[in-house]
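**Student:** Predicted model follows, preceded by the sequence.
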Amino acid sequence: MRRVLLTTVFGTLMFLSFATVLSAKGRKMASPDGKLTLVAKDGGFILSYGNQQMLDMPVVGMGSVIPSRMPAFQFAGRAISDYKMLAGKRKVCKNTANEYQVQLSKQIKLILRLYDDGLAFRYELTGLNGVLPPQEQTVFRISEGTRRWMQQWAESYEGFFPLSETAKVKPVPSFGPQSVTADGWNSRWGYPALLEPHDGLFALITESDIERQQSASCLYNDKETELFRVCPDKNETKLNGSWHTPWRVVIVGSLADIVASTLVTDVAEPCRLSDVSWISPGVVSWVYWAYNHGSSDFDIIRKYVDMAVKLRLPYVLIDAEWDEMKNGKTVEDAIAYARECGVKPMIWYNSSVGWIDGAPGPKFRLNKPEDREREFAWCERLGVAGVKIDFFSGDNQMNMDYCIDLLESAARHHLLVNFHGATIPRGWQRTYPNLLSTEGVYGAEWYNNVPTFTKKAAAHNATLPFTRNVIGPMDYTPCAFSDSQHPHITSHAHELALTVVFESGLQHLADRPESFLAQPDEVQQFLGSLPVAWDETRLLAGYPGDHVVMARRAGDVWYVAGINGRDDSRDLPLALKGIVKSDSRILLFADDSQQERAWQISRPSANRLPSAVPCRARGGFVLVINNNK
């Protein structure tokens, strides 16, 4: 596997003077702005921000190479890496890193990059001759008493991120067989893991840049409560020549720094597609939330196409069971109807490597390369815009290679991709920009399944912007004003705010057509003009599980959305410096003070905007600030 160059698209590799290199050798490593430092301690490192220790990495190494004392490191250069994203929290990503190298053995090198907002490191191996990947030895120490938001590992990554100050928690039974300690505590954890080592300073641990011959990893603390080992999933690849691990990533700073960071894509491979002109993010009309088996019914699909026309949504998703179409129709008829109405259809597939027996179809159409090419060519010929692929089976190397196969094949046939029942984003959204969304989240779909979500949703929604959504697009399927099988108790304004608070290149609207079309005209117009790819993202206020106020810009229009994660009413702060101008045109969606009324919609002038917006319990608001002259 080739070594990734330090430079990226539009990038330039710059080396500091010989004197600077000498002064850096074997001493403290630092980010370009000097605020983030990494210092060797025994056989590991201490990562600090300013004068505050943020993360202890007491052990690094691969296989039997575990240094008791860290060898001297060498400054390798500075990279200025600017690149563009077609979707995500920021269109133009600018970042600068200082790279350092540590030769752990003749065959193993540790590469470390210090960015202004975090650390990324990986191991590079040479001289391999038909061997399995050696076991990684990286350990993070998370001391008991440290506030953390961590998710117990599951194949689907569909779990909560509860606030805790201890790792001693019982496993979630619904996740299936779990790794537990001798005392019965959960001992396997998924990414991302958010820590608050000091008041107001945070560290988020994750990984990026999964390539072929690699598996994804997670964290185990099965040996000691405070020691979390990086453990790659199953990988039976016999390696020859050179190979490297994915990047281990630690984002560091304030919550605003964490939310705005693009570090996961900064270290990912640049875009591999020669033509991206056909890739267009957008809002999707979605059947499944209201009608679990609706995609087997042509008449129900037609209702969602008609809704997309009415609301001016670009896409409609024909979900599972379209291969069992009723009403004397076929999926070809549904695709043709959508295209005749000017709506771009997407269709669902079972990956057929995870849930198969008893699962919906179509199945076994994508597993073999020749079948996959034939199926995607058929989609392209019919005018299908994209595919949603569901029910993968975890983080092992087989699944990772299969996902890459799917992305590359889909791109050859100009198909957008949405992975469901799959692993979390690990940088593929940069390398393969046709990947516009990924599930890997406990989302609104769970109103279909169990009553648990009803009381937990508001606090969970106020946690996701600081955890799961930091690392990439999140197909939560937001915005439901009516109820599914189990009710929701968030307000209408809270639900509308989720379309802005949550970032996804394909934003699937969950509710039924009758509900959306019964909303005020302003709400319908909002949904029809909603951007899903952003030029800029700022966190204005918030704390995990409590509240979020997020600002996102598309062109000259700012969307500011807030949600209240608590069960009591309160005011959410508005700090709009640099966002509102004296001549801005403003539209405000808020909770009505009268409980029997869902909305309070107004058009305040810039000089009459309040410093805070009143919200109901589990309420919210959206501000649309148009600065286009």
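**Tutor:** Here it is on my side, so go on.
**Student:** Only C-alpha atoms from now on, for both contacts and neighbour counts.
**Tutor:** Will do.
**Student:** Run through the chain and note the low-pLDDT ranges.
**Tutor:** 1-27, 175-176 (pLDDT under 70).
**Student:** Which strands and helices lie in contact with the strand ranked longest in it?
**Tutor:** Ranked by residue count and defined by DSSP state E, the top strand of the chain is strand 118-131. Packing contacts for strand 118-131, counted by 3 or more C-alpha pairs under 8 Å, 6 or more residues apart in numbering; DSSP states H and E, involve strand 108-115, strand 239-244, strand 247-253.
**Student:** export the ones you listed to TSV and tack on mean neighbour count and distance to residue 42?
**Tutor:** Listed next are those as TSV, based on neighbours: other C-alpha atoms under 10 Å; distance: least, C-alpha to C-alpha, whole Å:
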stretch	mean neighbour count	distance to residue 42
strand 108-115	23	15
strand 239-244	17	24
strand 247-253	24	20
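**Student:** Mind listing what's buried along stretch 532-551?
**Tutor:** Buried residues in stretch 532-551, counted by 16 or more other C-alpha atoms under 10 Å: 532-542, 544-551.
**Student:** I misspoke; the intended subject was stretch 221-229.
**Tutor:** So for stretch 221-229, counting by 16+ other C-alpha under 10 Å, buried means 221, 222, 225, 226, 227, 228, 229.
**Student:** Can I take it that the last one is in a strand?
**Tutor:** Just to be clear, that refers to residue 229. Yes. The assignment for residue 229 (DSSP: H, G, I helix; E, B strand; the rest coil) places it in a strand.
**Student:** count of neighbours near the closest residue to it other than its chain neighbours?
**Tutor:** Take residue 229 and drop its neighbours on the chain: the residue closest to it by C-alpha to C-alpha, 6 or more residues apart in numbering is residue 139, 4.5 Å away. Residue 139 has 22 neighbouring residues, counting by other C-alpha atoms under 10 Å.
**Student:** Now for residue 139: which residues touch it?
**Tutor:** By C-alpha atoms under 8 Å, 6 or more residues apart in numbering, the contact list for residue 139 reads 57, 58, 59, 60, 227, 228, 229, 230.
**Student:** Tell me the spacing between residue 423 and residue 153.
**Tutor:** 10 Å (C-alpha to C-alpha, to the nearest Å).
**Student:** now residue 604, what's its secondary structure?
**Tutor:** From three-state DSSP, the assignment for residue 604 is coil.
**Student:** Give me the neighbour count for the residue nearest to it when sequence neighbours are not counted.
**Tutor:** Leaving out its chain neighbours, the residue that sits closest to residue 604 by C-alpha to C-alpha, 6+ apart is residue 586, at 6.1 Å. Residue 586 has 20 neighbours, counted by other C-alpha under 10 Å.
**Student:** Which strand residues bridge residue 586?
**Tutor:** Beta bridges link residue 586 to residue 625, judged by DSSP bridges.
**Student:** what residues are up against it?
**Tutor:** Neighbour list for residue 586: 603, 604, 605, 606, 623, 624, 625, 626 [criterion: C-alpha under 8 Å, 6+ apart].
**Student:** from memory the fifth one sits against residue 584, does it?
**Tutor:** No. At 11.5 Å, residue 623 does not count as touching residue 584 under the criterion of C-alpha atoms under 8 Å.
**Student:** Who are the packing partners of the helix ranked longest in the chain?
**Tutor:** Counting residues, the longest helix found in the chain (DSSP state H) is helix 397-412. When contacts are defined as 3+ C-alpha pairs under 8 Å, 6+ apart, helix 397-412 packs onto helix 369-382, strand 416-419.
**Student:** mind checking how far residue 527 is from residue 119?
**Tutor:** Plainly put, residue 527 is 38 Å away from residue 119 if you go by C-alpha to C-alpha.
**Student:** ok, now residue 74?
**Tutor:** From residue 74 to residue 119 the distance is 16 Å (C-alpha to C-alpha).
**Student:** Next: residue 209.
**Tutor:** Distance of residue 209 to residue 119, computed by C-alpha to C-alpha: 14 Å.
**Student:** Residue 141 too?
**Tutor:** Using C-alpha to C-alpha, residue 141 is found at 16 Å from residue 119.
**Student:** Look at these two and report which has more neighbours.
**Tutor:** residue 119 (26 against 17).
**Student:** Break down the stretch 201-350 of the chain into its helices, ranges please.
**Tutor:** Applying DSSP state H, counting those that start in this stretch to the stretch 201-350 of the chain gives helices spanning 255-260, 263-266, 298-311, 331-340.
**Student:** And the stretch 351-500 of the chain, by the same measure?
**Tutor:** 369-382, 397-412, 428-431, 452-461, 492-501.
**Student:** Including mean neighbour count, could those go into JSON lines?
**Tutor:** Output for these, formatted as JSON lines (neighbours: other C-alpha atoms under 10 Å):
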{"stretch": "helix 369-382", "mean neighbour count": "16"}
{"stretch": "helix 397-412", "mean neighbour count": "20"}
{"stretch": "helix 428-431", "mean neighbour count": "24"}
{"stretch": "helix 452-461", "mean neighbour count": "20"}
{"stretch": "helix 492-501", "mean neighbour count": "26"}
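**Student:** how about those, which one is nearest residue 148?
**Tutor:** helix 452-461 (14.2 Å; C-alpha to C-alpha).
**Student:** neighbouring contacts of that closest one?
**Tutor:** 160-161, 446-447, 486-490, 498, 544-547, 563-566, 618.
**Student:** Show the buried residues in the residues you listed.
**Tutor:** Here, 16+ other C-alpha under 10 Å leaves 160-161, 446-447, 488-490, 498, 544-547, 563-566, 618 buried among the contacts of helix 452-461.
**Student:** follow-up on the earlier one: ok, residue 423 and residue 153, which is more surrounded?
**Tutor:** Counted by other C-alpha under 10 Å, residue 423 and residue 153 do not tie: residue 423 has more neighbours, with 26 against 23.
**Student:** Find the residue closest to that one in space, skipping its chain neighbours.
**Tutor:** residue 440 (5.7 Å).
**Student:** The one you found - how many residues pack around it?
**Tutor:** Residue 440 - counted by other C-alpha under 10 Å - has 25 other residues nearby.
**Student:** That one against residue 395, yeah?
**Tutor:** No. The pair residue 440 / residue 395 is not scored as a contact, 11.8 Å apart, by C-alpha under 8 Å.
**Student:** and for the two, which residues touch both?
**Tutor:** Taking C-alpha under 8 Å, 6+ apart as the criterion, residue 440 and residue 395 both touch residue 423.
**Student:** could you redo the helices and strands packed on helix 397-412 as JSON lines and give each row distance to residue 321?
**Tutor:** Output for these, formatted as JSON lines (distance: least, C-alpha to C-alpha, whole Å):
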{"stretch": "helix 369-382", "distance to residue 321": "16"}
{"stretch": "strand 416-419", "distance to residue 321": "17"}
